[in-house]
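> my questions concern the predicted model and sequence given below.
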Amino acid sequence: MEIKRKLGMALATTALGAMLIGGGTFALFTSTASNEGNTFTAGTLTIEDVTGGAAFSQSLYFDNLAPGDSENATLTIRNTGSLDAFVKISGVTTSGALFEGDYPLSFSYDGATVVIPAGGTETFEISYSFPLEAGNEYQGATGTADINVQAVQVRNNDANNDGEPDSWN
Amino acid sequence: MLKKKWAFTVLSGMLIFVLAVGAGTFALFSGTLSNANRFQAGTVQVDVNPEPMYYTADSHPGHSYPYNIETGLQFGGEALGGWAPGDEVPREMAISNSGSLDVIITGVHAEINLEPTPGGVAGLDQHDPRYQQFMDKINVVITDRTRDLLLYDGSLRGLLDGASGGDGGKAFNASEKFVIAAADDPRMIDFLVRMDKSADNDLQGVTWVFDFIFTAEQQRNNPDQPSANKSITGSVFESITHDAIAGALVDFGNGYFTTTNEDGVYLLEIPAGTYNASISAAGFQSKTVENIAILDPLTHHDFYLDRMVLAGTASGLITHALDGTGVSGLTIKFRSGHNTQSGDVIGSTTTGANGAYSISLPAGSYTGEIIDSHGLYITSYFNIVTVSGVDTPDQNASVSPLLGEGDWRIVLNWGRSPADLDAHLTGPKGNNGSDRFHVYYDNRSYYNPNGFFNRVLRAHLDRDDTNGYGPETVTITNQFQGVYRYSVHDYTNRNSNNSNALANSAATVTVFKGNHQIASFSVPSQKGTLWTVFEINGETITPKNMMSYVLNPNNPGPFSQNGESDLPATDAEIIARDVFTNPKDE
């Protein structure tokens, strides 16, 4: 959008100059050349969860947890857009009795930003831990956890060239 | 930052326009998603049945009297009329895991229960002196039936928790703890409660109510796991007599081994798994038993060892009965014992070039079954012996080609000496004829009739062996009615009247009829030069096994024999006459 406007302004300036020069001559052979059909399409930034269901659905104990359990899971994210993307796990949203009380089920993950090229796939490790101290009040308790993933364009968004986006939105 | 610099450059030329646009430029292309997960905590829950184990008629909700006079102290755990000093009542309890997690049973204790039972009976308060006496006069034995493992044997006071005035109950140690998996069958626990005879009259008519409580913990992530070892037990026996073997080493490898006690019994704790066990004991053959699964808490496995017997080698030749040549490619299967034609085959071999065979077997007596896979020879049997650590050669036998249905074949084999044993067949000249024919080395065939155009072969000496071993073979065809008599004569020692050479010759006579071996004979251990082996009359074969001497009738001296007197002298006389009248060329 901005590029288009800038080009428009440049063309206008050139035309103005040509008119001023033309004002001092009587007749000259003239010609104009037209560059037509320039097309501009904005890229897309979309990520898709290709884990194949809940990340922890393949873990052993997720539906029969005992205090002291901890297991890892892998989240697989594909960049299905046309632009390279910064991607990270931005957080886990939990609900249910299993995530309440003094010794709730908790998650840990590396929140580092990863660049996924357009069309590429990356995996993200996340683990849960159910404290050994959890008492009988947790027997049979349930809960849900949404692992949230965030993405933003890479180009024009890494002024320091440090692999971290200047802004996530 | 880069983006901001770029925006500033543009501003220098197009200040007003870019400012208007710049207010909306800090949005970036972005996206989000979330992966939804559901979690559920498991449960630890154990139940016991029956509940209660011990009860009285009064405490039963239906007031049914629990004592069954037919089965004694079994049903409800109360003696007729209530407990008396000296009563001892067994009960069983099933502990089941009804939760979703595997559990460890970590201990057992008892607690006083002051709630009235469903039958309305309340137990005695712990501050009553009779309660104190009761705690000490009741003995409780608790056993894990699966492992036959004693879990508690002591007073009720020891089993009661502190709040009930007791010593705190029983916390299981690592080897007493046990796991009940979520899917397992209930675990059976045996109780035996006894009221000591020293309980006094103060206890008469008093009721006490207790709860027995097993405690459970989740197994997973539990730092206090039961001992991982399983137990295996059993005995080591002698294989034939089943006598127990004391001091036998039972070795499962990796340092897990033990020895049997004086009763031949072993017991070993070992991690769960599948093992190969090596069993050894002095005087017995060591043995390895593979793939013993030790997965249950208690596995029972007995072992059997054979007594040490050193092997010995038997060898010899299998020859063609008609020409004495070796027959290769015959299978010989060996069975224990002489004249054993069925049962387990404990060794086998195949005759090689020239019909030679050799077999190593534990010292002992065996029967070899000679089988021709091509079906050209009659399956036959012969006896051998093996002596510990020794080669025993010249244990020969012969095989006969197939015979006509009514034909007989008699094969003589023997050892290296004497050099010349001869087969003699005497029989009737015609059906039930009183005249006797004599087929032997000098008269090999008997025909009757014996015309030029009409000649019928009745008996034939197929082979005369004169240098030891045999075979020497006679075949009977077109059998007449009457008595045929088969004898073996020691030609080498024909002039002796005191020879035991024939007895020591290891001579055997094998009789075939049709396509079967129907009899075999071994030379008796008696002196003599003539072994009258058997008679044939029709289908019947009658053993004789008599030893006698055949002396030259032309020489002075009496004709004598030292066998039984029922030997018709005529046949022996015929043999004597013919042998000495027709000596072999020497």
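Cool, the structure landed. Numbering: from 1, shown residues only, chains lettered A, B, ... in the order given.

> for the rest of this, base every contact and every neighbour count on C-alpha atoms.
Fine.

> show me what the residue in the stretch 401-550 of chain B positioned nearest to chain A is bridged to.
In the stretch 401-550 of chain B, the residue that lies nearest chain A is residue B:516 (70.2 Å; C-alpha to the nearest C-alpha). For residue B:516, the beta-bridge partners under DSSP bridges are residue B:513.

> now do the same contact list for it.
By C-alpha atoms under 8 Å, 6 or more residues apart in numbering or on different chains, the residues touching residue B:516 are B:378, B:379, B:380.

> between the residues you listed, which is nearest chain A?
Nearest to chain A among the contacts of residue B:516, with distances taken as C-alpha to the nearest C-alpha, is residue B:379, at 65.8 Å.

> spatially nearest residue to that closest one, not counting backbone neighbours?
Nearest residue to residue B:379, sequence neighbours excluded (C-alpha to C-alpha, 6 or more residues apart in numbering or on different chains): residue B:371, at 5.1 Å.

> low-confidence ranges, the chain, go.
The chain I'm using is chain A. A:1-25 (pLDDT under 70).

> oops, I was thinking of chain B
Within chain B, the stretches with pLDDT under 70 are B:1-26, B:56-81, B:118-120, B:553-570, B:586.

> for it, what lies in contact range of chain A?
Residues of chain B that fall close to chain A, judged by C-alpha under 8 Å from any C-alpha of the partner chain: B:1-3, B:26-44, B:100-101, B:218, B:220-221.

> can we see that at 6 Å?
Counting by C-alpha under 6 Å from any C-alpha of the partner chain, chain B comes close to chain A at B:1-2, B:27-43, B:221.

> chain B contacts on chain A?
So chain A meets chain B at A:45-46, A:54, A:62-66, A:68, A:139-153, A:159, A:169 (C-alpha under 6 Å from any C-alpha).

> ok, what's across the strand from the residue nearest to residue B:379?
Note on residue B:371: beta-bridge partners by DSSP bridges are residue B:331.

> quick check, it in contact with residue B:331.
Yes. Counting by C-alpha atoms under 6 Å, residue B:371 touches residue B:331, with 5.1 Å between them.

> shared neighbours, these two?
Shared contacts of residue B:371 and residue B:331, defined by C-alpha atoms under 6 Å, 6 or more residues apart in numbering or on different chains, are absent.

> of the residues of chain B next to chain A, buried ones?
Buried positions within the residues of chain B next to chain A, assessed by neighbour count (16 or more other C-alpha atoms under 10 Å in any protein chain shown), are B:28-43.

> report the contact partners of the residue nearest the centre of chain B.
Central residue of chain B (C-alpha atoms, centre = their mean): residue B:304, 7.5 Å from the mean position. Residue B:304 sits next to B:236, B:237, B:238, B:239 when contact means C-alpha under 6 Å, 6+ apart.

> now the third one: how far from residue B:267?
Applying C-alpha to C-alpha, to the nearest Å, one obtains 18 Å for the distance of residue B:238 from residue B:267.

> the first one too?
Separation of residue B:236 from residue B:267 (C-alpha to C-alpha) stands at 11 Å.

> which one of the two has more residues nearby?
residue B:236 (29 against 19; other C-alpha atoms under 10 Å in any protein chain shown).

> the more buried one bridge partners, please.
residue B:303.

> in this structure it contacts residue B:301, no?
No. With contact defined as C-alpha under 6 Å, residue B:236 does not count as touching residue B:301 (9.0 Å).

> identify the bridge partners of the most centrally placed residue in chain A.
Nearest residue to the geometric centre of chain A (C-alpha atoms, centre = their mean): residue A:151, 0.8 Å. Applying DSSP bridges to residue A:151 gives these bridge partners: residue A:87, residue B:31.

> how close does it get to residue A:111?
Residue A:151 is 12 Å from residue A:111, by C-alpha to C-alpha.

> next: residue A:65.
Distance, residue A:65 to residue A:111, by C-alpha to C-alpha: 25 Å.

> neighbour count for the two, which is higher?
Set residue A:65 next to residue A:111 and count neighbours by other C-alpha under 10 Å: residue A:65 wins out with 26 against 15.

> need the nearest residue in space to residue B:486, chain neighbours excluded.
Going by C-alpha to C-alpha, 6+ apart, residue B:486 has residue B:425 as its nearest residue, at 4.7 Å.

> partner strands of the host helix or strand of that neighbour and their direction?
According to DSSP states H and E, residue B:425 maps onto strand B:421-428. When pairs are called by DSSP bridges, strand B:421-428 turns out to pair with strand B:436-439 (antiparallel), strand B:483-490 (antiparallel).

> got the contact list for the shortest one?
So the one you mean is strand B:436-439. Contacts for strand B:436-439 (C-alpha under 6 Å, 6+ apart): B:424, B:425, B:426, B:427, B:428, B:429.

> if you set the cut-off to 8 Å instead, what comes out?
By C-alpha under 8 Å, 6+ apart, strand B:436-439 touches B:424-429, B:445-446, B:459-461, B:571, B:574-575.

> out of the residues you listed, who has the most neighbours?
Result: residue B:427 is most packed of these (other C-alpha under 10 Å), 29 neighbours.

> which strand residues bridge that residue?
Counting by DSSP bridges, residue B:427 forms beta bridges with residue B:437.

> ok, residue B:490 to residue B:522 distance?
Taking C-alpha to C-alpha, one finds residue B:490 at 15 Å from residue B:522.

> no, scratch that, I was asking about residue B:92
68 Å.

> same thing with residue A:80?
In this view, residue A:80 and residue B:522 are 97 Å apart by C-alpha to C-alpha.

> likewise for residue A:131?
Residue A:131 is 87 Å from residue B:522, by C-alpha to C-alpha.

> what sits against residue B:416?
Contacts of residue B:416 (C-alpha under 8 Å, 6+ apart): B:394, B:467, B:468, B:469, B:505.

> which of those residues has the most neighbours?
Within the contacts of residue B:416, most neighbours by other C-alpha under 10 Å means residue B:469, with 27 neighbours.

> return the residues in contact with that residue.
By C-alpha under 8 Å, 6+ apart, the contact set of residue B:469 is B:394, B:396, B:413, B:414, B:415, B:416, B:417, B:419.

> would you say residue B:313 is within a helix?
No. Checked against DSSP: H, G, I helix; E, B strand; the rest coil, residue B:313 lies outside a helix; its state is strand.

> where exactly do the helices run in chain A?
A:2-22 (DSSP state H).

> circling back: what do residue B:236 and residue B:267 both touch?
Counting by C-alpha under 8 Å, 6+ apart, the residues touching both residue B:236 and residue B:267 are residue B:260.

> secondary structure element for residue B:158?
Going by DSSP H and E, residue B:158 is in helix B:156-159.

> secondary structure class of residue B:579, three-state.
Going by three-state DSSP: residue B:579 is helix.

> which stretches of chain A form strands?
With DSSP state E, the ranges of strands along chain A come out as A:47-49, A:70-79, A:85-95, A:106-109, A:114-116, A:121-129, A:142-153.

> work out the gap between the fifth one and the centre of the chain.
Computed by C-alpha atoms, centre = their mean, to the nearest Å, the chain-centroid distance of strand A:114-116 equals 9 Å.

> which neighbouring elements make contact with that strand?
strand A:85-95 (3 or more C-alpha pairs under 8 Å, 6 or more residues apart in numbering or on different chains; DSSP states H and E).

> buried ones in the strand it packs on?
Counting neighbours by 16+ other C-alpha under 10 Å, the buried set in strand A:85-95 is A:85, A:86, A:87, A:88, A:89, A:90, A:91, A:92, A:94.

> just stretch A:70-78 next, same as before
Neighbour-count burial for stretch A:70-78 flags A:70, A:72, A:73, A:74, A:75, A:76, A:77, A:78 (criterion: 16+ other C-alpha under 10 Å).

> do the same with stretch B:531-540
The neighbour-count check on stretch B:531-540 (16+ other C-alpha under 10 Å) flags B:531, B:532, B:533, B:534, B:535, B:536, B:537 as buried.

> contact partners of that stretch?
B:479-489, B:521, B:523, B:541-548.

> many thanks, have a good one.
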